[in-house]
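A.B. asks: Fold the following and give me the result.
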Amino acid sequence: MNIRPRTAFFTACLAMLALPLVAQADDRRDERRGGDGRGERREQVEQRGEQRVERGYGGRGYVYDNRFNHDRYYPQPGYRVPVRPSGGYELRYRGSPYYYSGGIWYRPWGPRYEVVRPPFGIGVSILPPYYTTVWFSGVPYYYADGAYYLWEPVRREYVVTEAPARDEAASTRAPAEPETYAYPRSGQSDSQMASDRYECHDWAMHQSGFDPTQPLGGVSANEVGAKRDDYRRAERACLEGRGYSVN
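C.D. replies: Residues are numbered from 1 along each chain as shown. Purely as a prediction, here's the structure:
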């Protein structure tokens with residue numbers, strides 16, 4: 001009796017049964033490497049021609065950024081990918097080529113692309129998809145992957161800037177804006193009050209050059225405080241001139 005076919009058949013069955021166990025062990029290993037204490041698997045998918053290779057976040061080449069509760073994994077500077085990542089765009093700064101994709105900065109490295117830190121002064125029209133807003137002295141900075149972005153109204157871009165001097169003074173909560181309360185002294189109706197409030201806002205905005213409905217009021221970061229005060233003074237003067245008591 002020839003038992004070799006049966007032996008080969010049973011060996012193949014055992015191998016098929018063992019595959020899920022091996023896959024589960026691989027998953028647990030990836031979770032241990034890239035987990036954040038919540039048992040959550042994090043993956044990075046790289047494009048290699050027609051193949052897709054999964055690599056656990058937190059593994060070789062990745063770092064965990066938890067500053068300001070950002071809580072994201074990023075490839076560290078020097079990490080190289082074999083092809084240009086999709087979904088980004090090219091730009092040049094001071095004669096050097098850069099590629100920006102998903103909040104990560106790259107430079108060409110032969111046929112590959114290497115992760116780099118963006119230079120101060122380079123600007124983008126779109127913030128990183130997972131940025132964190134951090135407030136310093138009433139000014140919002142947009143943080144992601146170790147870089148700080150500021151809105152520059154003249155360039156109409158988010159510009160990479162140096163980190164503020166005092167990280168400990170940072171807050172991820174927007175500072176409370178003091179509200180202007182106006183009380184009618186001449187019995188103005190609600191509709192008249194609404195019209196006066198809007199017209200005084202519009203007048204104060206044009207007088208001061210500060211628009212509180214825009215990022216940073218539509219001015220540069222170093223002008224925010226002074227321009228905001230100019231706007232409030234102009235708004236107050238307008239409302240008082242129309243017969244309102246302003247707090």
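
A.B. asks: Using the record's assignment, carve this protein into domains.
C.D. replies: Domain ranges of the chain: 4-169, 182-246, per automatic domain parsing.

A.B. asks: What pLDDT does the model give the residue nearest to Gly61 when sequence neighbours are not counted?
C.D. replies: Spatial nearest neighbour of Gly61, chain neighbours left out: Tyr79 (4.3 Å); criterion: CB to CB, 6 or more residues apart in numbering. Heads up, the C-betas are built off the backbone N, CA and C, glycines and all. What the model reports for Tyr79 is a pLDDT of 94.

A.B. asks: residues touching Tyr79, list them.
C.D. replies: Listed by CB atoms under 8 Å, 6 or more residues apart in numbering, the contact set of Tyr79 reads 61-62, 114-115.

A.B. asks: Can you name the two of these that sit furthest apart?
C.D. replies: By the measure CB to CB, Tyr62 and Glu114 form the most distant pair in the contacts of Tyr79, at 14.7 Å.

A.B. asks: Type out the PyMOL command that picks the buried ones from the contacts of Tyr79.
C.D. replies: This is how PyMOL selects the buried members of those, with burial counted by 16 or more other CB atoms under 10 Å:
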select buried, resi 61+62+114+115
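
A.B. asks: Flag the shaky bits of this structure, pLDDT-wise.
C.D. replies: Along the chain, the model assigns pLDDT under 70 to residues 1-60, 166-169, 172-178.

A.B. asks: show me the contacts for the nearest residue to Arg117 once chain neighbours are set aside.
C.D. replies: Nearest residue to Arg117, sequence neighbours excluded (CB to CB, 6+ apart): Pro77, at 5.7 Å. With contact taken as CB under 8 Å, 6+ apart, Pro77 is in contact with 114-117.

A.B. asks: wait, is Pro77 part of a strand?
C.D. replies: No - with DSSP: H, G, I helix; E, B strand; the rest coil as the criterion, Pro77 is coil rather than part of a strand.

A.B. asks: can you give me phi and psi for it?
C.D. replies: Per-residue torsions, Pro77: phi -50, psi 140 (degrees, to the nearest 10).

A.B. asks: Glu223 now?
C.D. replies: Per-residue torsions, Glu223: phi -110, psi -10 (degrees, to the nearest 10).

A.B. asks: Can you tell me the centre-most residue of the protein?
C.D. replies: For the chain, the residue nearest the mean C-alpha position is Tyr131 (1.5 Å; CA atoms, centre = their mean).

A.B. asks: dump the residue contacts of it.
C.D. replies: Contacts of Tyr131 (CB under 8 Å, 6+ apart): 103, 142-144, 149.

A.B. asks: Return the subset of these lying in strands.
C.D. replies: When DSSP state E defines the strands, the subset of these inside them is 142-144, 149.

A.B. asks: about what we covered before: could you dump the contacts of Pro77 to JSON lines with secondary structure and distance to Gly187?
C.D. replies: Converted to JSON lines, the contacts of Pro77 look like this (DSSP: H, G, I helix; E, B strand; the rest coil; distance: CB to CB, whole Å):
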{"residue": "Glu114", "secondary structure": "strand", "distance to Gly187": "70"}
{"residue": "Val115", "secondary structure": "strand", "distance to Gly187": "65"}
{"residue": "Val116", "secondary structure": "coil", "distance to Gly187": "65"}
{"residue": "Arg117", "secondary structure": "coil", "distance to Gly187": "62"}
